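Peer 1: Quick one, structure for this:
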Amino acid sequence: MAQAIRFLLDEDMNPEVAVIGRGLGLDVVSVHEIDRRGFADEAQLRFAVGEGRIVVTRNRDDFIRLTLSLYEAGEVHHGVLIVPHSLPNNRPEHLAHALVRWSGDRPGDPSPNPNFIDFLKA
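Peer 2: Residues are numbered from 1 along each chain as shown. Got it, this is the predicted structure:
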C-alpha cells in the first residue's frame, strides 16, 4: 500500500494553502497552525523529518544549503518542494491545486531518493 504524501508549509507560505489543500484531500499542515512560527529553517526541516513530511517553501537558497549540509553529514530528510514566485502567495487556491497536481504525478512515495529538492509548477 502506498504511503500518503505529507506536506509541511513553511512560515513563508500562506496558511490558507493548508486549509484549501486539506479540502482537496491533501495531508498538509502549516507551521502557522501548529505554533511553529519563528523556528529556524533547520529546526523546521528536522521537525518535518520526524513527521514524515515534505517541506514546502519559497526559501530556495537556505533549503538548498540545508539539504547539501545534511547530505554531507549523512542525514536525510523527506524532501523540499520549492515554490517559485510565479505562484503568488496571495492566491492560495492556485498553490493548493499545484500541490494536488504535484502529488498526483507521484502516487505514494514522491521520490526513492532521500533529500530530494523539486520545484512546484503553476
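Peer 1: separation between residue 72 and residue 100?
Peer 2: 33 Å (C-beta to C-beta, to the nearest Å). Bear in mind the C-beta positions are built from the backbone N, C-alpha and C, glycine included.
Peer 1: And the contacts of the helix or strand residue 21 falls within?
Peer 2: Using DSSP states H and E, residue 21 sits within helix 16-23. Contact partners of helix 16-23, identified using C-beta atoms under 8 Å, 6 or more residues apart in numbering, comprise 7, 9, 28-30, 32-33, 56, 92-93, 95-96, 99-100.
Peer 1: ok, now stretch 83-97?
Peer 2: 12-14, 16-17, 19-21, 23-24, 26, 28, 56-58, 98, 119-120, 122.
Peer 1: how about a cut-off of 10 Å?
Peer 2: 9-10, 12-24, 26, 28, 56-60, 98-99, 119-122 (C-beta atoms under 10 Å, 6 or more residues apart in numbering).
Peer 1: Need the buried ones from these selected in PyMOL.
Peer 2: For the buried members of the contacts of stretch 83-97, the matching PyMOL selection, counting by 16 or more other C-beta atoms under 10 Å, is:
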select buried, resi 9+10+13+14+16+17+18+20+21+26+28+56+57+58+59+98+99+120
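Peer 1: in the contacts of helix 16-23, which two residues are the furthest apart from each other?
Peer 2: 32 and 100 (20.2 Å; C-beta to C-beta).
Peer 1: quick one on the thing from earlier: what about residue 72 and residue 100, which has more around it?
Peer 2: Between residue 72 and residue 100, residue 100 has the larger neighbour count (other C-beta atoms under 10 Å), namely 16 against 8.
Peer 1: Show the contacting residues for that one.
Peer 2: Counting by C-beta under 10 Å, 6+ apart, residue 100 makes contact with 20, 21, 24, 25, 26, 28.
Peer 1: Which pLDDT value belongs to it?
Peer 2: Residue 100 is assigned 94 on the pLDDT scale.
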